[in-house]
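In: Here is my input; please provide its structure:
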Amino acid sequence: MVTSKLRPLDQRAKQLAQTYAMHRPLVQRGLTVGFVLYVLTAAYRGLAARPTTRRDKEKDSADRKDGKPARVAVDAIFYQRLGIILRIVIPNMHSKEALLLFMHSSLLIFRTAISLYVAALDGKIVASLVRGQSLQFLLNIIRWLLVAIPATWTNSWLSYVQNKLALAYRTRLTKEVLKMYLGDEADGPEGKVYYKLSNLDDRIKNADQMITHDIQRFSTHLAVIYANLAKPILDVILYNYQLSQNVGAEGLVLLTILVQTSAALLRALTPSFGTYTAQSAALAGSLRHTHSRLSEFAEEIAFFGGEETEKRLIEHEYAALVQHEQGVMNKRWWYGCAEEGIVKWLWGSFGLVVCAIPVFFKLPGISNFDLGSRTEGFVTNRRLLLSSSDAIGRVMYSYKDLAELAGYTSRVSLLLDTMSDMRKGKFEKSLVSGATEGENEEILRSRGQVLLSDDIQFENVPIVTPNGDILLRSLTFHVKPGEHLLIVGPNGAGKSSLFRILGGLWPVYGGIVRKPPASDFMLIPQRPYLSLGTLRDQVIYPHSQQDMAARGVTDADLLAVLERVQMGSIVEREGGWDVAHEWRDALSGGDKQKIAWARLFYHKPKYAILDEATSLVPPDMEGTMMEQATALGITLLTVSHRPSLWKYHSTILQLDGQGGYIFTRLDAEKRLAIQEEKQDLETKLLEIPKIKLRLAELRLIADANRSM
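Out: Predicted coordinates for the structure are as follows:
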């Protein structure tokens with residue numbers, strides 16, 4: 001009875017096997033197509049934006065409150081940022097970058113084709129050895145050497161084109177960033193982003209590192225990530241297709257199930273490398289910023305003896321960086337162990353099982369089963385499997401690379417977004433206490449008008465610092481060309497703030513400002529800026545020698561300008577116009593101020609802002625320079641406490657430091673007389689304690705004589 005039941009089952013199984021064998025080519029094609037679709041879908045799902053969970057949002061909110069950087073991940077925000085940057089680095093399909101990308105893709109496909117040929121050739125070489133076919137073996141070796149020529153050529157070209165692509169990305173992105181960062185004269189109030197980043201906003205503390213280091217790292221990762229994604233996915237499809245032809249699509253399906261199951265485990269163990277990369281860049285930038293402050297303020301620190309304090313600050317920044325890197329290294333260590341164990345060893349064992357299928361099982365369509373054929377099939381399949389395993393591993397590794405790219409993308413995107421906000425007048429700055437209360441908040445929310453005019457006129461303009469400190473609630477004054485203005489007041493009263501508004505560096509929070517364009521102003525500070533370059537460059541800055549020639553100015557004209565400030569001998573002393581020095585160290589303080597005045601006489605702007613610009617030159621020299629500036633039609637806006645300069649000005653703006661001011665005509669003689677009388681009275685007041693003491697002594701002597 002049992003036998004009667006088993007026979008139909010055996011017959012049914014035999015019929016099913018025959019039917020399957022008959023339709024196996026169709027099944028094989030279906031499984032292969034399904035595998036290709038599965039690889040593409042799995043790659044898309046693996047690289048697609050991952051949704052942000054409620055827990056992630058709560059953690060990000062808590063981190064922002066604690067001042068920690070926001071989480072960086074391969075999510076929708078990352079792809080949105082990357083899309084914006086890609087439109088910058090690859091502006092169109094006819095660009096140099098698009099051509100390089102096409103060349104890179106072609107080389108990747110060609111290298112995969114070579115790898116497939118080499119895998120088959122490996123099997124033939126070993127088969128000829130096993131069969132003892134010496135002639136066939138030598139022919140195969142010759143083929144091996146011949147294929148080495150295009151293989152080595154392709155690998156070298158791939159490396160070269162990839163580096164060229166990274167450099168092209170960096171060049172394109174750097175040009176765009178510098179265009180926004182430095183701008184040009186036509187930008188007007190939207191320009192000067194480099195100034196606003198460091199003075200009006202708190203989001204970026206180390207723009208120099210972001211422009212040099214972070215853009216370079218982003219460009220390199222972007223060029224590498226394409227090869228690490230496109231090539232492995234293509235390899236997985238082509239290698240496994242060829243493998244399915246050798247061992248059957250059934251083995252390929254089994255291998256795919258086992259690999260994907262273990263890959264899911266590996267993905268679950270992958271740390272957030274993107275966040276770690278962004279944090280590493282931020283900590284490195286903070287350490288560099290601390291070092292740069294030490295160089296910038298070396299003199300002040302040396303006078304104060306602040307070496308220990310600065311050392312403590314640097315060590316604190318370095319310790320934070322080392323602690324973070326140590327934590328990342330620990331995570332990379334155990335992740336590397338898990339990754340190698342799964343990708344190399346576990347997947348390797350799966351591959352050996354698949355390679356053994358043609359040896360232990362008879363596959364339809366394969367009739368040669370001598371030792372040479374088995375060896376050739378095993379070696380070829382093993383080579384294909386190793387290449388496929390390596391490709392799958394690179395796909396797995398690519399998510400880590402993609403996470404690191406997300407870190408650098410967030411840094412570059414922060415730079416671009418912040419500079420864009422600067423150009424729109426949007427700032428994020430820590431404000432002083434009380435800045436967001438009552439009338440102060442209303443002032444900070446409002447914006448004034450800036451109109452072009454030949455005159456300088458402020459109408460009810462508040463003077464507000466970037467941190468929200470309101471120095472003057474309403475300032476009104478009017479200066480016409482030729483009316484030199486003297487500005488006096490204590491430190492912190494708003495003198496320099498007024499100049500920054502005139503130069504278009506600070507926003508106007510109310511009222512109306514009428515002024516010429518910023519190009520009609522020139523600032524001479526107490527410590528003038530001297531650029532890198534030749535002696536000629538110092539006088540004509542920011543012009544180039546070509547600009548100077550276009551204006552019809554010669555070196556003889558420049559020498560005449562230097563002679564006006566008694567600096568004619570410097571050309572011969574320093575070795576000519578084309579000699580280059582670190583001029584801030586080569587010249588004394590007085591010579592620096594004279595060079596700045598020579599620069600003023602060369603440019604001849606409509607207005608000159610003098611901020612203690614004659615403090616280091618002799619009194620007779622400052623008078624001469626003032627008179628020459630007036631003769632050139634330059635209107636002077638001067639901050640100085642020297643009474644000797646009063647006679648060169650016709651109006652005065654006096655700030656009291658308490659939010660009040662006086663703007664009036666300046667009678668230099670009357671003011672000097674009042675100043676002298678004031679000094680006399682102050683001198684007499686200083687004598688009063690001595691007079692009182694002497695009077696008390698005389699009274700004691702008189703009382704003693706009276707008692708005798």
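In: Flag the shaky bits of the stretch 51-200 of the chain, pLDDT-wise.
Out: Counting by pLDDT under 70, the ranges of the stretch 51-200 of the chain that qualify are 51-71, 184-190.
In: What segments of it are strands?
Out: Here the stretch 51-200 of the chain has no strands by DSSP state E, counting those that start in this stretch.
In: cool, the stretch 551-700 of the chain as well?
Out: With DSSP E, counting those that start in this stretch as the criterion, the stretch 551-700 of the chain has strands spanning 580-581, 607-611, 635-639, 651-655, 661-665.
In: how distant is the shortest one from the center of its chain?
Out: Pointing back at strand 580-581 there. Averaged C-alpha coordinates place strand 580-581 at 30 Å from its chain's average position (Cα atoms, centre = their mean, to the nearest Å).
In: Strand partners (parallel or antiparallel) of that strand?
Out: Its sheet considered, strand 580-581 pairs with strand 533-534 (antiparallel) by DSSP bridges.
In: Next secondary structure element downstream of the strand it pairs with?
Out: helix 535-540 (DSSP states H and E).
In: So Ile88 is in contact with Thr174, correct?
Out: No: in this structure, Ile88 is not within contact of Thr174 by Cβ atoms under 8 Å, at 10.3 Å. Glycine gets a C-beta too; all of them are placed from N, C-alpha and C.
In: ok, Tyr509 - contacts?
Out: Neighbouring residues of Tyr509 by Cβ atoms under 8 Å, 6 or more residues apart in numbering: Ile443, Leu444, Ser446, Arg447, Gly448, Val461, Pro462, Val464.
In: rerun that using 7 Å as the cut-off
Out: When contacts are counted by Cβ atoms under 7 Å, 6 or more residues apart in numbering, Tyr509 touches Ile443, Leu444, Ser446, Arg447, Gly448, Pro462, Val464.
In: Looking at those residues, which are in helices?
Out: Cross-referencing the contacts of Tyr509 against helices under DSSP state H gives Ile443, Leu444.
In: Save the contacts of Tyr509 as CSV, and put in distance to Ala302 too.
Out: CSV is the format used below for those (distance: Cβ to Cβ, whole Å):
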residue, distance to Ala302
Ile443, 41
Leu444, 39
Ser446, 44
Arg447, 43
Gly448, 43
Pro462, 39
Val464, 35
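In: Val450 should be in a helix, yeah?
Out: No: counting by DSSP: H, G, I helix; E, B strand; the rest coil, Val450 falls outside a helix, being strand.
In: what about the residue nearest to it when sequence neighbours are not counted, neighbour count?
Out: Distance criterion Cβ to Cβ, 6 or more residues apart in numbering; nearest residue to Val450, sequence neighbours excluded, is Val513 at 4.9 Å. Neighbours of Val513 under the rule other Cβ atoms under 10 Å: 20.
In: quick one: what helix or strand has Val513 in it?
Out: Using DSSP H and E, Val513 falls in strand 512-515.
In: Determine the set of other helices and strands touching that strand.
Out: strand 449-452, strand 456-464 (3 or more Cβ pairs under 7 Å, 6 or more residues apart in numbering; DSSP states H and E).
In: Can you say which of those is packed in most?
Out: Ranked by mean neighbour count, those are led by strand 456-464 with a mean of 21 (mean count of other Cβ atoms under 10 Å).
In: model confidence over that one, on average?
Out: The average pLDDT within strand 456-464 is 92.
In: what angle separates that strand from strand 661-665?
Out: Note on geometry: by axes from the mean of the first three to the mean of the last three Cα atoms, to 10 degrees, strand 456-464 and strand 661-665 are set 170 degrees apart in direction.
In: Residues contacting strand 456-464, please?
Out: Contacts of strand 456-464 (Cβ under 7 Å, 6+ apart): 443-444, 448, 470-479, 494, 497-498, 502, 508-515.
In: quick one: strands adjacent to that strand?
Out: Strand 456-464 pairs in its sheet with strand 470-479 (antiparallel), strand 512-515 (antiparallel), by DSSP bridges.
In: then it to CSV, C-alphas only?
Out: Provided in CSV are the C-alpha atoms of strand 456-464 (Å, rounded to 0.1, in the frame of the first residue of the first chain):
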residue,chain,number,x,y,z
ILE,A,456,26.5,112.3,3.5
GLN,A,457,23.3,112.6,5.3
PHE,A,458,21.9,110.6,8.2
GLU,A,459,18.2,111.0,9.1
ASN,A,460,17.1,109.4,12.4
VAL,A,461,19.5,106.5,11.9
PRO,A,462,20.2,104.2,14.9
ILE,A,463,23.8,103.0,15.5
VAL,A,464,23.6,99.4,16.4
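In: Distance from the chain centre to it, please.
Out: Relative to where its chain is centred, strand 456-464 has its mean C-alpha point 35 Å off (Cα atoms, centre = their mean).
In: Next, the angle strand 607-611 makes with that strand.
Out: Put simply, strand 456-464 runs at 40 degrees to strand 607-611, going by the same axes, to 10 degrees.
In: so Ile301 makes contact with Lys311?
Out: No: when contacts are counted by Cβ atoms under 7 Å, Ile301 is not listed as touching Lys311 (10.4 Å).
In: More neighbours: which of the two?
Out: Set Ile301 next to Lys311 and count neighbours by other Cβ under 10 Å: Ile301 wins out with 16 against 11.
In: Please state the offset of stretch 211-223 from the chain centre?
Out: 9 Å.
In: Would you mark the buried spots in that stretch?
Out: Buried positions in stretch 211-223, judged by neighbour count with 16 or more other Cβ atoms under 10 Å: Ile211, His213, Asp214, Ile215, Gln216, Arg217, Phe218, Ser219, Thr220, His221, Leu222, Ala223.
In: Check the second one and give its pLDDT.
Out: The reference is to His213. In this prediction, His213 has a pLDDT value of 88.
In: Let me know the secondary structure of it.
Out: Quick answer, by three-state DSSP: His213 is helix.
In: That one and Ala406, how far apart?
Out: Using Cβ to Cβ, to the nearest Å, one gets 17 Å for the distance from His213 to Ala406.
In: Which strands or helices does the one helix or strand Ala264 maps to pack on?
Out: Using DSSP H and E, Ala264 sits in helix 249-269. When contacts are defined as 3+ Cβ pairs under 7 Å, 6+ apart, helix 249-269 sits against helix 24-47, helix 215-247, helix 307-340, helix 347-355, helix 371-424.
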